[in-house]
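In: Need coordinates for the below:
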Amino acid sequence: MAVLEIGIKLGMRNLVEIQYYSSSDNILDHNIRDRFLNGIEDFISEVFGDEINVISLSSFEIICYYEIVQITTKEINNPQPLLTFAIIEKGTNHDFVKQHLQQIVSRFLKQYTLNDIFTKAPKFFKKFEPLVDEILGDLRLNIEDRIRTVFRD
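Out: Coordinates of the predicted model:
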């Protein structure tokens, strides 16, 4: 039971992407994942007037949490979802992961201004990754890796 991948997106832009296990571990390709999340988010919002919560697939699940953010200037007046997502192993507690996602987005919004979030390139947010690791703790480790840390010399 682990978080396999985590990310923060503003609309179509990836701001933070952390992959804890390689794509050879049967995780979604990031391009496919981005198109899938954007499409499903638009569909759910448009058709049901709702938001994504949990998407369950055969091998893993995607937990989503988002807040609507916007800056208002002469050039920009477009509210957008700041979507934080986690791809998790089946059987991982959804509510527990969602609490972590809420904490991550809260810390992200405290650390960066809305102007930075809307205008900076993803490399600007690279220094946020260690904070994500700290918030997740051992939730980012699968069972085998947790056992290894216990029995490590």
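In: wouldn't F85 be in contact with L37 here?
Out: Yes: when contacts are counted by CB atoms under 8 Å, F85 is listed as touching L37 (6.5 Å). Any C-beta I mention is one placed from the backbone N, CA and C, and that applies to glycine too.
In: so what sits against both of those two?
Out: With contacts taken as CB atoms under 8 Å, 6 or more residues apart in numbering, the residues that reach both F85 and L37 are K9, I62, C64.
In: need the contact list for the first one.
Out: Yep, that's K9 we're talking about. Contacts for K9 (CB under 8 Å, 6+ apart) come out as L15, D34, L37, P81, L82, L83, T84, F85.
In: Least confident of those residues?
Out: For the contacts of K9, the least confidently modelled position is D34, at 67, judged by pLDDT.
In: between the contacts of K9, which has the most around it?
Out: Most neighbours among the contacts of K9, by other CB atoms under 10 Å: T84, with 26 neighbours.
In: where's that one, which helix or strand?
Out: Counting by DSSP states H and E, the secondary-structure element that holds T84 is strand 80-89.
In: now for the next helix or strand after that strand, which elements pack on it?
Out: On the C-terminal side of strand 80-89, the nearest following helix or strand under DSSP H and E is helix 94-111. Identification of packing neighbours for helix 94-111 by 3 or more CB pairs under 8 Å, 6 or more residues apart in numbering; DSSP states H and E yields strand 3-10, strand 60-69, strand 80-89, helix 129-136.
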